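In: got a predicted structure plus its sequence, pasted below:
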Amino acid sequence: MTKPQTIQIFLPFGNPQGTRVAEITTRTVRVFDIPRKLLPEFLNMPESSQVGLYFLFSEVDNEENISCYVGQSGEVGKRLQQHHQKKDFWHRAIVAVSLTNTLMSGFGSGIVPRGTGV
């Protein structure tokens, strides 16, 4: 049986087309939706220095040509900055971090090998 839940979406810079932060209010994970061109905004946020699981998505031309790169990092902001310099395909990053800063650097090891590498 499903239970009602509240999803909270926060616009840290006031722009609904910009960086968005989402969380289910009873959970300890916060998810960031970051347009690539606004990556510097995320890098200035304290969550960018946390352990995180991230997904890099290509631009959506049509459903048959979407690429996704899945990764994890002990300091997710630094890793995204490296991908910004070396990987051209991605248009948007989705980053998951812990509200309690308790995720360990190996937490995503079961997820990452299953992702589609680019």
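Out: Done, it's in.
In: show me the contact partners of the helix ranked longest in the chain.
Out: With DSSP state H setting the assignment, residue counts place helix 76-86 as the longest helix in the chain. Identification of contacts with helix 76-86 by CB atoms under 8 Å, 6 or more residues apart in numbering yields 34, 36, 39, 42-43, 47-52, 54, 56, 69, 71, 73, 90, 93, 95, 97. No exception for glycine: its C-beta is placed from N, CA and C like everyone else's.
In: among these, which are in helices?
Out: Reading helices off the contacts of helix 76-86 with DSSP H, I get L39, F42, L43.
In: which one of those is nearest to L11?
Out: Among the ones in helices among the contacts of helix 76-86, F42 lies closest to L11 (CB to CB), at 13.1 Å.
In: leaving out chain neighbours, which residue sits closest to that closest one?
Out: Using CB to CB, 6 or more residues apart in numbering and skipping the chain neighbours, the partner closest in space to F42 is I34 (4.9 Å).
In: for the most centrally placed residue in the chain, what are its contacts?
Out: Geometric centre of the chain, nearest residue: V95, 1.4 Å, by CA atoms, centre = their mean. Neighbouring residues of V95 by CB under 8 Å, 6+ apart: V31, F32, I34, F42, E47, G52, L53, Y54, F55, V76, L80.
In: repeat for E75
Out: Contacts of E75 (CB under 8 Å, 6+ apart): S48, S49, Q50, V51.
In: buried only: go through those residues for me.
Out: By neighbour count, with 16 or more other CB atoms under 10 Å, the contacts of E75 hold S48, Q50, V51 as buried.
In: make TSV from these and add distance to Q17 and pLDDT to it.
Out: Conversion of the buried ones among the contacts of E75 to TSV gives the following (distance: CB to CB, whole Å; pLDDT from 0 to 100):
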residue	distance to Q17	pLDDT
S48	20	96
Q50	25	93
V51	28	91
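In: of those residues, which is the nearest to T6?
Out: Q50 (23.3 Å).
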